[in-house]
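Colleague: Next input, structure requested:
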Amino acid sequence: MRVEPKADQRTTELAVPNAKTARVDQLPHLEQSWFDQAVRPESAPPRPEPTKRVDQLQSAPPPPAPPRPEQTRPVAPPPPRQEPRDLPVTGYEEEPEDRLSADEPRKSRKGLVVVLSLVVVAALAGATIYAVQEFGGTKAVETKPPAAPANVQTLVKAVTAGGPAPSATGVKGVLTGPAGNSALGTLTGSVIDPASGTALWQQGDTTPATPASSLKILTAAAALLSLEKTDQLSTKVVAGAEPGTVVIVGGGDPTISGVPGKSVYPGAATLDDLVNQVKAKGPVTKVQFDLSRYAGEALGPQWETADIAGGSVAPIVPFMLDGGRVDQSNVNGARTASPGQAAADAFAQRIGAPGATAGAAPAGAQVLGEIKSAPIEQLVDNMMQISDNVLTEAVAREIALKTGNEASFAGGVKAVRDTLTKAGFDLTAANLVDGSGLSASNKIPAKLLTDVLTAAAKPTLDDARTAKLRPLLTALPVAGGSGTLAGRYDGDAASGKGWVRAKTGTLTGVNALAGVVVDVDGRVLVFSFMSASNRNPETEVRPALDVMAAALRGCGCS
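Modeller: Residues are numbered from 1 along each chain as shown. Below is the predicted model:
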């Protein structure tokens, strides 16, 4: 039975600008995080109270009038309040007349305007002057020079290749103990310094092993190398062959949101938008859906049907809502066994037509509505963060279509292999049967994972692959902060929290971790670890892998 890693529900929306999850910048060890920069002022002198600008000054209230003897003559009421007139000094307000004594004559504003104009000129020159107030007396209006600039020091610093270079002896020294943990069973892996390309630690790194979901690193890399980052997946509704009939044409987007605001996919298009576009074109009496974009089987080799109800996967078809989830906001919730039919029925219900049936779009049919997914770069980020198998397989099929292969499991695998081989990666020892790593038949060497990550993590862009692969690094979950690593890195691995970024992988008897870490010398290290063990994955195996990555964080291994 397969045990797919579960993303912490608290972090499923971390990739969204307004996500409600722990942000990386809130983590205790991100003061030198390596992908982002920020500044904070330190040791700045106290900021003086800001001096009011002249254009914000108002006439001061008059001093309290001395007691007056009781009037023996009638007092004329004050004149009616006038609407304020445009004045030449911004912010000046006329003194309310009800604050004047009954027999005190109103003073001319002309003199005040002239004086305040002088105040403005003098204030701009940084002088101290005396202005005659409207109601007697004088008051110094002092302007002060601005405070000295704050002493700004960088809090989050970019990592460069300038840190001390780690040595193989040093890395071996910190990994010997953690790698010897019996809970890891058969362990293979490698550690590389991407700045120099030096292999720092190797253990069976060329021996093929089951990668589980860490295989998604290969699919993500192939997508970034072959597809435009701004490409989007389009779902259309076209006019059918008969009046009142429409056909939904599946475009490969599994992220369409059935309930706005509840999607686990940031930036997802909505079914309601598509429905409203079609409604505006006229009444609909019949709905059909066309799933011909994909070929072959809907479930991959050795996939278990129990994984559908278990929430790990749904049949791979080119039209579905929320990745086939029954509960749109539950990243680990059960999925439907008929995602295409369910999505088409939801469309039909909202547009006021009977249940949908399978059909084919007529050639050259009029487009009545269209929605588009988030860009490919964001889809790659999302599939890596929450380890989404359905989205990964959809992306693999898009790679297949872009490279002239069949949009099937076999075509996706061939497209990934061909793309990575063309980019200079050695896949001779790799056996791929799907794009997501859900099948236990996938076998790859740990070195292949570190080779791909090394190309993405090089400190310069001399390698043409690096610029295209760089988003792969920010797509990796952050230890203790996001995606499938959000609930990890406590206890003995706590030192890696916020510093380790890695893709997880979990199947029955298999656990993997592959990613990058910044050591205490400020050097980026790339690693991949794959374990075959029957020990408890949650309490023994995964924590042991986390300790290995955290050991690299603490490495001053020059």
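Colleague: Residue 310 and residue 304, how far apart?
Modeller: To residue 304, residue 310 is 8 Å away according to Cβ to Cβ, to the nearest Å. To be clear about C-beta, it is placed using only N, CA and C from the backbone, and glycine gets the same treatment.
Colleague: So for those two, which residue has more residues nearby?
Modeller: Legend: neighbour count by other Cβ atoms under 10 Å for residue 310 and residue 304, higher for residue 310 (18 against 14).
Colleague: you'd agree that one is up against residue 334?
Modeller: Yes. Using Cβ atoms under 8 Å, residue 310 makes contact with residue 334 at a distance of 7.2 Å.
Colleague: Quick check: which ranges of the stretch 51-200 of the chain have low pLDDT?
Modeller: 51-142, 152-162 (pLDDT under 70).
Colleague: Count the neighbours of residue 403 for me.
Modeller: Neighbourhood size, residue 403 [other Cβ under 10 Å]: 18.
Colleague: same thing with residue 332?
Modeller: 18.
Colleague: didn't it look like it was pressed against residue 313?
Modeller: No. Counting by Cβ under 8 Å, residue 332 stays clear of residue 313, with 11.8 Å between them.
Colleague: what's residue 503 in contact with, if anything?
Modeller: 213-214, 216-217, 384, 387, 476-477, 484, 512-515 (Cβ atoms under 8 Å, 6 or more residues apart in numbering).
Colleague: Oh, that last question was meant for residue 242, not what I typed.
Modeller: Neighbouring residues of residue 242 by Cβ under 8 Å, 6+ apart: residue 286.
Colleague: ok, it to residue 288 distance?
Modeller: In terms of Cβ to Cβ, residue 242 sits 10 Å off from residue 288.
Colleague: Residue 411 is in contact with residue 397, correct?
Modeller: Yes. At 7.1 Å, residue 397 counts as touching residue 411 under the criterion of Cβ under 8 Å.
Colleague: So for these two, which sits in the more crowded spot?
Modeller: Neighbours were counted for residue 397 and for residue 411 using other Cβ under 10 Å; residue 397 has more, 26 against 21.
Colleague: burial measure for the residue lying closest to the more buried one once chain neighbours are set aside, as a count.
Modeller: Excluding the flanking residues, the one nearest residue 397 by Cβ to Cβ, 6 or more residues apart in numbering is residue 407, at 4.2 Å. Counted with other Cβ under 10 Å, residues neighbouring residue 407 total 22.
Colleague: Repeat that for residue 352.
Modeller: Neighbours of residue 352 (other Cβ under 10 Å): 12.
Colleague: swap in residue 272?
Modeller: Neighbours of residue 272 (other Cβ under 10 Å): 16.
Colleague: So residue 324 is in contact with residue 335, correct?
Modeller: Yes. Counting by Cβ under 8 Å, residue 324 does reach residue 335; the two are 4.0 Å apart.
Colleague: what's the overlap in contacts for these two?
Modeller: 308, 314, 390.
Colleague: how near is residue 183 to residue 533?
Modeller: For residue 183, the distance to residue 533 (Cβ to Cβ) stands at 6 Å.
Colleague: and the residue nearest to residue 529 when sequence neighbours are not counted, what is it in contact with?
Modeller: Of all residues not flanking residue 529 in the chain, residue 189 sits nearest, at 3.9 Å (Cβ to Cβ, 6+ apart). Shown in contact with residue 189 (Cβ under 8 Å, 6+ apart): 179, 201, 202, 203, 204, 205, 446, 527, 528, 529, 530, 548.
Colleague: could you say what helices and strands whichever strand or helix holds residue 548 packs with?
Modeller: Applying DSSP states H and E as the criterion places residue 548 in helix 542-553. In terms of contacts (3 or more Cβ pairs under 8 Å, 6 or more residues apart in numbering; DSSP states H and E), helix 542-553 is packed against helix 168-179, strand 500-507, strand 510-518, strand 524-532.
Colleague: Please compute how far it lies from its chain's middle.
Modeller: 25 Å (Cα atoms, centre = their mean, to the nearest Å).
Colleague: average pLDDT for that helix?
Modeller: On average, the pLDDT along helix 542-553 is 98.
Colleague: who touches it?
Modeller: With contacts defined as Cβ under 8 Å, 6+ apart, helix 542-553 is touched by 171, 174-175, 177-179, 181, 183-184, 189, 191, 479, 488-489, 491-496, 499-500, 502, 504, 506, 511-513, 515, 517-520, 525, 527, 529, 531.
Colleague: For it, C-alpha coordinates in CSV please.
Modeller: Below are the C-alpha coordinates for helix 542-553, written out as CSV (Å, rounded to 0.1, in the frame of the first residue of the first chain):
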residue,chain,number,x,y,z
ARG,A,542,11.8,11.0,7.9
PRO,A,543,13.2,12.6,11.1
ALA,A,544,16.5,10.8,10.4
LEU,A,545,16.6,12.3,6.9
ASP,A,546,15.9,15.7,8.3
VAL,A,547,18.8,15.3,10.7
MET,A,548,21.1,14.6,7.8
ALA,A,549,20.1,17.8,6.0
ALA,A,550,20.3,19.8,9.2
ALA,A,551,23.8,18.5,9.8
LEU,A,552,24.8,20.0,6.5
ARG,A,553,23.3,23.3,7.7
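Colleague: what inclination does that helix have with respect to strand 524-532?
Modeller: Helix 542-553 and strand 524-532 are oriented at 160 degrees to each other (axes from the mean of the first three to the mean of the last three Cα atoms, to 10 degrees).
Colleague: can you map out the helices along the stretch 151-300 of the chain?
Modeller: For the stretch 151-300 of the chain, the helices defined by DSSP state H, counting those that start in this stretch occupy 168-179, 216-226, 271-279.
Colleague: buried residues in the last one?
Modeller: It stands for helix 271-279. Neighbour counts over helix 271-279 (16 or more other Cβ atoms under 10 Å) mark 271, 272, 274, 275, 277, 278 as buried.
Colleague: picking that back up, which of the helices of the stretch 151-300 of the chain sits most buried?
Modeller: helix 216-226 (a mean of 27; mean count of other Cβ atoms under 10 Å).
Colleague: angle of that helix against strand 524-532?
Modeller: Using the same axes, to 10 degrees: helix 216-226 against strand 524-532 is 130 degrees.
Colleague: Determine the set of other helices and strands touching helix 216-226.
Modeller: Using 3+ Cβ pairs under 8 Å, 6+ apart, the elements in contact with helix 216-226 are helix 376-385, helix 389-402, helix 409-422, helix 446-457, helix 464-469, helix 471-474.
Colleague: rerun that using 6 Å as the cut-off
Modeller: Helix 216-226 sits against helix 376-385, helix 389-402, helix 409-422, helix 446-457, helix 464-469, with contacts defined as 3 or more Cβ pairs under 6 Å, 6 or more residues apart in numbering; DSSP states H and E.
Colleague: In CSV: those, plus mean pLDDT.
Modeller: As requested, those are arranged in CSV below (pLDDT from 0 to 100):
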stretch, mean pLDDT
helix 376-385, 97
helix 389-402, 98
helix 409-422, 98
helix 446-457, 98
helix 464-469, 96
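Colleague: And stretch 521-541, what's buried?
Modeller: For stretch 521-541, the neighbour count (16+ other Cβ under 10 Å) marks 521-533, 535, 537, 540-541 as buried.
Colleague: what's around the residue nearest to residue 220 when sequence neighbours are not counted, how many residues?
Modeller: In this structure, residue 220 finds its nearest non-sequential neighbour in residue 380, 4.9 Å apart by Cβ to Cβ, 6+ apart. Neighbourhood size, residue 380 [other Cβ under 10 Å]: 25.
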